[in-house]
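okay, here's the prediction I keep looking at, along with the sequence it came from:
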Amino acid sequence: MEHRVAVTGIGVISIYGDSPSMLFAALCDGHTGIHPVGSMPRNDCACHLSGQLTDFQPEKYLKGRPLRPLDRVSQLASSACGLALENSGWDAEDRSSVDLALMVGTMFAGMHTIGDFDRTAIVSGPASVSPMAFANTVISAAAGQTAIWHNMRGANSTLAMGSISGIAAVGHAADSIRRGTSEAALAGGVDEFSIESFCGFDRAGLLCKNSTEPERPIPFDQHRNGFALGEGAGFLALEELAYAGERGSTVLAEIKGYATAFDYSQGKDRELAVRTLARTMQAALERSGKTIHDIDFVSASANGSVPRDCYELMALASVFAERARDLPVTAIKCGIGEALAASGPLQLAVAIDILKTGRLPGIIGLAELPPSCPLQGIQAETRDIRARNGLINGVGLDGNCCSLVIGLPD
């Protein structure tokens, strides 16, 4: 027998603040969080925009112990997890009696820590490198540090599937609960903004440019020219539905189905890329027991990428067929930028508010859809919709794709 999976808490650290309601309200009001890159050295990068957090203070969320062992990524993850635990009612006493699992998705983990560690060793010699810094250079450091900080004694896993790692972690954790392997888990994603990742994406030609046109990291826009790199953390508290009832937890939503697939051409073969994402969405719908007629909105992965936004449009048109033209679609990376592994969990947090309020945020800055766009339900304005079930997409930069169906409990 498969168990049902309830979402009972959310914790976010985003460019808009530290609560899902702040994130949702800013998107609905059309306020973008994308801004000029700060005082960080840009190493002659062509991009001038980012979704970098400017006021994150870990001391606000992590109290009572020194923060020195935690680098920035571990601080972001531990802070968001603490908010999710608080939101779901998992106090310290409850956590001491249950093996609460943790699954963390990340693309780069502590990229800046790794860069600093290597630079110090090369410039000043191995003797100058801090042993404490080395502990944070491994990709699983954030998961370990977060579990230690919050006394989470269940299974501890790190998922590395590129930029979709966060939503994939939620899907994998949900599958674990569905199979009966776990009763409860925290799952989500985290990635930081660093000079190393910023310059890497810029040199790969993926960031929005200001060469011949203004920078337009606007999902689906006809004149989009790349994404703005963001950062953040988002985690969901998941529980088996009956167990959540016994605990007296408030059920915010239900994870109904999840699927992944891989485009081995990594976006180079348009037909294969579209077919892979379409197959992913179809599998998620099948596993959820829903059809295209049950889906009331889509939270797209689109981030302003010229080819990948097009692939997602084509895949949505293929899957939703006659429904595609008027299908309500939102894409929150218009406001937060491409936050890598944090993006998917932040999409889920917004989707839960869409289910709760029936309001669909518009795509901030959208001026013109591509000619012959098969989806006319993509709009710049926030609007009211019927919302019981939503489809969340994650389209990776490396070929990984995932889709997740979330909805109100049946």
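Nice, I can see it.

going forward, measure contacts between C-alpha atoms and count neighbours the same way
OK.

can you give the distance of the longest helix belonging to the chain from its chain's centre?
Ordering each helix of the chain by length in residues (DSSP state H) puts helix 270-288 first. Centroid separation for helix 270-288 versus its chain: 19 Å, with Cα atoms, centre = their mean, to the nearest Å.

residues contacting that helix, please?
Residues outside helix 270-288 that contact it (Cα atoms under 8 Å, 6 or more residues apart in numbering): 256-263, 265-267, 291-292, 311-312, 314-316, 318-319, 393, 395, 399, 401-405.

can you give me the buried ones in it?
Residues of helix 270-288 classed as buried: 270, 272-286, 288 (neighbour count, 16 or more other Cα atoms under 10 Å).

and the strands in the stretch 151-300 of the chain?
Counting by DSSP state E, counting those that start in this stretch, the segments of the stretch 151-300 of the chain that form strands are 156-159, 184-191, 229-230, 232-240, 253-262, 297-299.

can you tell me which of those strands is nearest to Ser176?
Checking those against Ser176 by Cα to Cα gives strand 184-191 as the closest, at 9.0 Å.

TSV for the strands of the stretch 151-300 of the chain, including mean pLDDT, mean neighbour count and distance to Asp18?
Compiled in TSV, the strands of the stretch 151-300 of the chain are given as follows (pLDDT from 0 to 100; neighbours: other Cα atoms under 10 Å; distance: least, Cα to Cα, whole Å):
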stretch	mean pLDDT	mean neighbour count	distance to Asp18
strand 156-159	97	20	23
strand 184-191	97	32	14
strand 229-230	97	29	15
strand 232-240	98	32	10
strand 253-262	97	24	20
strand 297-299	98	23	21
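
so can I have JSON lines of those strands showing distance to Gly205?
Output for the strands of the stretch 151-300 of the chain, formatted as JSON lines (distance: least, Cα to Cα, whole Å):
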{"stretch": "strand 156-159", "distance to Gly205": "26"}
{"stretch": "strand 184-191", "distance to Gly205": "20"}
{"stretch": "strand 229-230", "distance to Gly205": "12"}
{"stretch": "strand 232-240", "distance to Gly205": "22"}
{"stretch": "strand 253-262", "distance to Gly205": "22"}
{"stretch": "strand 297-299", "distance to Gly205": "25"}
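
what segments of the chain are helices?
Along the chain, the segments classed as helices by DSSP H run 20-28, 72-88, 92-96, 111-124, 131-135, 141-150, 165-178, 195-203, 241-247, 270-288, 306-320, 333-336, 343-357.

can you say which of those helices is packed in most?
When the helices of the chain are scored by mean count of other Cα atoms under 10 Å, the highest mean neighbour count falls to helix 333-336 (a mean of 30).

where's that helix relative to the chain centroid, distance-wise?
On Cα atoms, centre = their mean, the centre of helix 333-336 falls 11 Å from that of its chain.

dump that helix to PDB, restricted to CA.
C-alpha atoms of helix 333-336 as PDB (Å, rounded to 0.1, in the frame of the first residue of the first chain):
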ATOM      1  CA  LYS A 333      12.500  33.200 -11.600                       C
ATOM      2  CA  CYS A 334      11.400  36.500 -13.100                       C
ATOM      3  CA  GLY A 335      11.700  37.800  -9.500                       C
ATOM      4  CA  ILE A 336      14.300  35.600  -7.700                       C
END
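
report the rounded mean pLDDT for it.
Averaged over helix 333-336, pLDDT sits at 98.

by contact count, what packs against that helix?
Helices and strands touching helix 333-336, as assessed by 3 or more Cα pairs under 8 Å, 6 or more residues apart in numbering; DSSP states H and E, are absent.

quick one: contacts of stretch 133-152?
69-71, 73-75, 77-78, 81-82, 92, 95-96, 99-104, 106, 108-111, 113-114, 117, 153, 156-158.

likewise for stretch 317-333?
In contact with stretch 317-333 (Cα under 8 Å, 6+ apart) are residues 27, 218-219, 278, 281-282, 292-293, 296-303, 316, 339, 343, 347, 360-363, 374-379, 385.

need the helices of the chain in a markdown table (columns: distance to Gly51).
Shown next, in a markdown table, are the helices of the chain (distance: least, Cα to Cα, whole Å):
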| stretch | distance to Gly51 |
| --- | --- |
| helix 20-28 | 13 |
| helix 72-88 | 15 |
| helix 92-96 | 33 |
| helix 111-124 | 17 |
| helix 131-135 | 26 |
| helix 141-150 | 21 |
| helix 165-178 | 17 |
| helix 195-203 | 11 |
| helix 241-247 | 35 |
| helix 270-288 | 26 |
| helix 306-320 | 19 |
| helix 333-336 | 6 |
| helix 343-357 | 12 |
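
between those helices, which one is nearest to Gly11?
Minimum separation from Gly11 across the helices of the chain (Cα to Cα) falls at helix 72-88, 4.0 Å.

from Thr158, how far off is Met107?
Remark: distance between Met107 and Thr158 (Cα to Cα, to the nearest Å) = 10 Å.

pLDDT-wise, which helix or strand of the protein ranks last?
Taking mean pLDDT, DSSP states H and E as the measure, the chain has helix 131-135 as its least confident helix or strand, at a mean of 80.

now do that helix: distance to the chain's middle.
27 Å.

try stretch 103-113
The chain centroid and the centroid of stretch 103-113 are separated by 13 Å, computed with Cα atoms, centre = their mean.

buried sites along that stretch?
For stretch 103-113, a neighbour-count test (16+ other Cα under 10 Å) marks Met103, Val104, Gly105, Thr106, Met107, Phe108, Ala109, Gly110, Met111, His112, Thr113 as buried.

understood, closing this out.
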